[in-house]
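>>> Sharing a model prediction with you, sequence too.
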Amino acid sequence: MGRTGILKNSTMICAPLMGETVEQTVKEMKQAKAEGSHLLEIRLDHITNFHPHHHLPAILDNKPLPLIILYRPKWDGGLYEGDEHSRLQTLRLAAELGADYIDFELKVASHLIRELKINYQSATKFIVSCHITGTTPSDEELANLAATMRATGADILKVVENVTDITEIARIFHLLSHYQMPVIAYSVGERGLISQLLCPKFGGFLAYGSIKGYSIPGMPSLYSVKHTYKHDLMNSETKVFGLVSKPVSHSKGPILHNPTLRHENFNGVYVPFFVDNLKEFFSTYSGSDFPGFSVGIPYKEAVVEFCDEVHPLAESIGAVNTIIRRPCDGKLIGFNTDCEAAITSIEDALKGTLISGKLFVLVGAGGAGRALAFGAKSRGARILIFDIILKEQNLLLLLSWVKLEHSNKSLISDRRKEQSLRMEHARNASIY
Ligand SMILES: O=C1C[C@@](O)(C(=O)O)C[C@@H](O)[C@@H]1O
């Protein structure tokens, strides 16, 4: 999946603005410019009591950056409820006043674009947009849709999805990188976030970034696009790393790993992958463009079966938090770095005092907890485990390490009895 379109501009960052007054819109336009936007998208349908002849010039005369004008009707997910004739008259006026870009819904685009191109031979570019409901169509269906949109005379195509699975975004990337004209394509919603974050890699015409104070699900902030993910440094060669997790937005990984990649002068980016289905995910994002993953909650244990090989330490722990795609054969190799990272940090903090014999208090017995319990046990600590729900399989695994020291099967059932008692009396705390 590489960028092929030599005719395309390089990806711009666009701030969508949804001010309710012209004054607010003018203020936000300046704010968006200060935050690094290249382009602005104004939603006229969000402005209350909008008077086209008065308000449109006020906006266009004050624009600090190129503007996309959008006037979305209710029938296409917008706020405009008035009559269609007045709406289209407003968009005609925008063209007459020389708006940089005007967005038309596919349904109305055909005759309007031809008419406007004849009547106003201005530099206005026309975006034709289509909101897809339901599952993302196949590559072929998307290409057919794009051809229909192109036939309206559009200068730029815009396809908006609302994916229910992150793997659907691969088809959006395919459209972006293969269609030989400028395309805006993305998915809204948190599963869609990577469609904005990786847009420059696949040659999209623009990616959206929200100004400070706006939080839109699935849309990164202008700040993160400029500073964390650095869109301006991304190209078709950029390797994509990321955290496989659900949820994923809590992770500090992107703000840690992206500067590290840049510090190492490595052309890579680290993104959050909101994953619902591990099998589908690994079979979709399977090429050398995706050379490695972190694994977070709740997948550290489940991911083991999707690794072609597992490092002995990760195997003993039963949890993988780092996967590397081996360059020579593309196989996925699973590691556990939680164990050594956490235990050596604790040892560093103890400044020479041994962990052995100490009471090690573990809060949470999931994938990360298992790694820590394993590390502490291997250093000879006693372990006190707190967990909201201590799953039986986790308990058995933890007990199998105890068994290494006390080779006694009855210990397991004793411990299980002890566990249930402690669940009642000590909010799920157990000592091993
Ligand atoms: O436990 C963590 C944190 C993490 O899940 C994250 O949220 O960034 C990433 C994992 O690789 C690591 O083991």
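Yes, it's here.
>>> Give the burial count for whichever residue of the stretch 101-250 of the chain sits closest to the ligand, as a bare number.
Residue nearest to the ligand within the stretch 101-250 of the chain: Leu243 (5.1 Å; Cβ to the nearest ligand atom). From N, CA and C alone the C-beta is placed, and that goes for glycine too. Applying other Cβ atoms under 10 Å, we find 22 other residues in the vicinity of Leu243.
>>> Same check on Trp75?
Residues near Trp75, counting by other Cβ under 10 Å, number 11.
>>> Help me confirm that it is found in a helix?
Yes - read with DSSP: H, G, I helix; E, B strand; the rest coil, Trp75 is one of the residues of a helix.
>>> What residues does the stretch 201-350 of the chain have near the ligand?
243, 245, 251, 253, 294-296, 321-322, 338 (Cβ under 6 Å from any ligand atom).
>>> Dump the helix or strand the residue of the stretch 101-250 of the chain closest to the ligand falls within to CSV, keeping only the CA atoms.
Using DSSP states H and E, Leu243 sits in strand 239-245. Taking Å, rounded to 0.1, in the frame of the first residue of the first chain, the C-alpha atoms of strand 239-245 are listed here in CSV:
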residue,chain,number,x,y,z
LYS,A,239,6.5,2.5,8.6
VAL,A,240,3.5,2.1,10.8
PHE,A,241,3.8,0.9,14.4
GLY,A,242,1.0,1.0,16.9
LEU,A,243,-0.8,-0.2,20.0
VAL,A,244,-3.3,-3.0,19.5
SER,A,245,-5.8,-2.4,22.3
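>>> ok now it, how far from the chain's centre?
The chain centre lies 9 Å from the centre of strand 239-245; the measure is Cα atoms, centre = their mean, to the nearest Å.
>>> Partner strands of it and their direction?
Note on strand 239-245: by DSSP bridges, its sheet partners are strand 268-274 (parallel), strand 292-295 (parallel).
>>> For the helix or strand just after the last one, which helices and strands make contact with it?
Toward the C-terminal end, the helix or strand that comes next after strand 292-295 (DSSP H and E) is strand 309-310. For strand 309-310, the elements it packs on are strand 332-335, judged by 3 or more Cβ pairs under 8 Å, 6 or more residues apart in numbering; DSSP states H and E.
>>> counting contacts, what elements does the strand it packs on pack onto?
Against strand 332-335 (3+ Cβ pairs under 8 Å, 6+ apart) you get strand 309-310, helix 312-317, strand 322-325.
>>> what about stretch 303-323, how long is it end to end?
Using Cα to Cα, to the nearest Å, one end of stretch 303-323 lies 9 Å from the other.
>>> can you check stretch 189-206 too?
Length of stretch 189-206, first residue to last, Cα to Cα: 17 Å.
>>> what is the mean pLDDT for that stretch?
Stretch 189-206 carries an average pLDDT of 97.
>>> any idea how this structure splits into domains?
Per automatic domain parsing, the structural domains of the chain span 12-236, 255-336, 347-431.
>>> Might you report the residue contacts of the residue of the chain found nearest the ligand?
Using Cβ to the nearest ligand atom, the closest approach of the chain to the ligand is made by Gly296 at 2.7 Å. The contact partners of Gly296, by Cβ atoms under 8 Å, 6 or more residues apart in numbering, come to 243-245, 248, 251, 253, 321.
>>> May I see the residues you listed organised as CSV, with pLDDT added?
Formatted as CSV, the contacts of Gly296 follow (pLDDT from 0 to 100):
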residue, pLDDT
Leu243, 98
Val244, 98
Ser245, 98
Val248, 97
Ser251, 97
Gly253, 98
Asn321, 98
